[in-house]
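Q: how would this look folded up:
(chains A, B, C and D)
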2 protein chains.
Amino acid sequence: MKKITIGEAARQSGVKVPTIRYYESIGLLAEPERSEGNQRSYQQSHLHRLAFIRHARELGFEVDSIRTLLALQDDPHQSCASADAIAKARLIEVEQRIRSLMALKVELEMMVKGCGHGRVDQCRVIEVLADHGECMHPQH
Amino acid sequence: MKKITIGEAARQSGVKVPTIRYYESIGLLAEPERSEGNQRSYQQSHLHRLAFIRHARELGFEVDSIRTLLALQDDPHQSCASADAIAKARLIEVEQRIRSLMALKVELEMMVKGCGHGRVDQCRVIEVLADHGECMHPQH
DNA sequence: CTACATCCTCTAGTGACTAGAGGTGCAAGA
DNA sequence: TCTTGCACCTCTAGTCACTAGAGGATGTAG
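A: Have a look, this model is predicted:
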């Protein structure tokens, strides 16, 4: 076991140093040993944990969901129904988000296309924003 | 000019009462007149402003961008280049966001599909999160 | 006149960090 | 051995765009 400093852990995991300390403070990452001079000294298991957290955050899972997922990971004999439920809920969110972003994209494209680079009083961007009725996708 | 209370403004604009006060506090919405008893009394112009802000927020514009857009709206003889630039920047963001959400969706679908509803140690959800190498879309 | 909804201001909390102040530890070069 | 200088430490406060709640005033319907 060689000592891994917080900086090294940050480099290897891609999670920033202050963020690692933050994860520790909210109990997402176990407190590591400390050196003589009170500096954090991580082990491989911490790096795995950080990778897990990072990946989950990138996938948009909230810290609370990650907490649940980590607890599940620690107890491999448990049913994975909760993990499945969390992932499914996230999938539904993502699908919803994609749908509304697609609608938004169409609207923004129309705005930008309509803009003749003239003066504001002929500007579609402003006009469309001002009048939602002109919006092609009033469901948002 | 009949008096429009903040509650009425909220109902008509779809912006919540505390949010309207918040917009006033950050200078996004002009301070309205007050009644004898110090209650806010809005005019039609405030409602238009609120509709504009709401729509722009729904489209994901930040408050600062909205501030710029509102300033542009107030001076219709100005060039609309800034409005155009803001909308274009937002469009690029949205396209990027859609791309990464699509990748994410694929990954989540695989996770959920792979989950045999057994125990955690056979669970794809946990496994994929733990090992980014298994991820089909390592660009995120 | 009395309920009662709505309004007021103010402070503090949310999530997930990020920034900065002010100080300590540690390894490498002179 | 000393010193330079980066990396580390803790703590507080700031970010964004709100949201929640306390504690009190106003306005309106019956």
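Q: For DNA strand D, what's its nearest residue on chain A.
A: Going by CB to the nearest atom of the strand, DNA strand D is nearest to residue A:7 of chain A, at 2.3 Å. No exception for glycine: its C-beta is placed from N, CA and C like everyone else's.
Q: Tell me, how many residues neighbour that residue?
A: 12 (other CB atoms under 10 Å in any protein chain shown).
Q: That one is in contact with residue A:15, isn't it?
A: No. Contact criterion CB atoms under 8 Å: residue A:7 and residue A:15 do not qualify, at 11.4 Å.
Q: Which elements pack onto the least confident helix or strand in chain A by mean pLDDT?
A: Least confident helix or strand, chain A: helix A:124-130 with a mean of 75, by mean pLDDT, DSSP states H and E. Helices and strands touching helix A:124-130, as assessed by 3 or more CB pairs under 8 Å, 6 or more residues apart in numbering or on different chains; DSSP states H and E, comprise helix A:81-114, helix B:44-58, helix B:63-74, helix B:81-114.
Q: Now tabulate those in a markdown table and tack on mean neighbour count.
A: Shown next, in a markdown table, are the helices and strands packed on helix A:124-130 (neighbours: other CB atoms under 10 Å in any protein chain shown):
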| stretch | mean neighbour count |
| --- | --- |
| helix A:81-114 | 17 |
| helix B:44-58 | 18 |
| helix B:63-74 | 17 |
| helix B:81-114 | 17 |
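Q: got JSON lines for those helices, with mean pLDDT and distance to DNA strand D too?
A: Output for those, formatted as JSON lines (pLDDT from 0 to 100; distance: least, CB to the nearest atom of the strand, whole Å):
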{"stretch": "helix A:81-114", "mean pLDDT": "82", "distance to DNA strand D": "15"}
{"stretch": "helix B:44-58", "mean pLDDT": "92", "distance to DNA strand D": "5"}
{"stretch": "helix B:63-74", "mean pLDDT": "87", "distance to DNA strand D": "3"}
{"stretch": "helix B:81-114", "mean pLDDT": "82", "distance to DNA strand D": "12"}
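Q: Can you give me the distance of residue A:115 to residue A:109?
A: Residue A:115 is 11 Å from residue A:109, where distance means CB to CB, to the nearest Å.
Q: helix, strand or coil for the residue of chain A closest to DNA strand D?
A: Following DSSP: H, G, I helix; E, B strand; the rest coil, the label given to residue A:7 is helix.
Q: distance between stretch A:70-77 and the chain's centre?
A: The chain centre lies 22 Å from the centre of stretch A:70-77; the measure is CA atoms, centre = their mean, to the nearest Å.
Q: right, and residue A:40 touches residue A:8 too?
A: No. When contacts are counted by CB under 8 Å, residue A:40 is not listed as touching residue A:8 (10.2 Å).
Q: neighbour count winner among these two?
A: The residue with more neighbours, out of residue A:40 and residue A:8, is residue A:40; 20 against 14, by other CB under 10 Å.
Q: Can you report how many residues lie near the residue of chain A found nearest DNA strand C?
A: Nearest to DNA strand C, among the residues of chain A, is residue A:37, at 2.2 Å (CB to the nearest atom of the strand). Residue A:37 has 5 neighbouring residues, counting by other CB under 10 Å.
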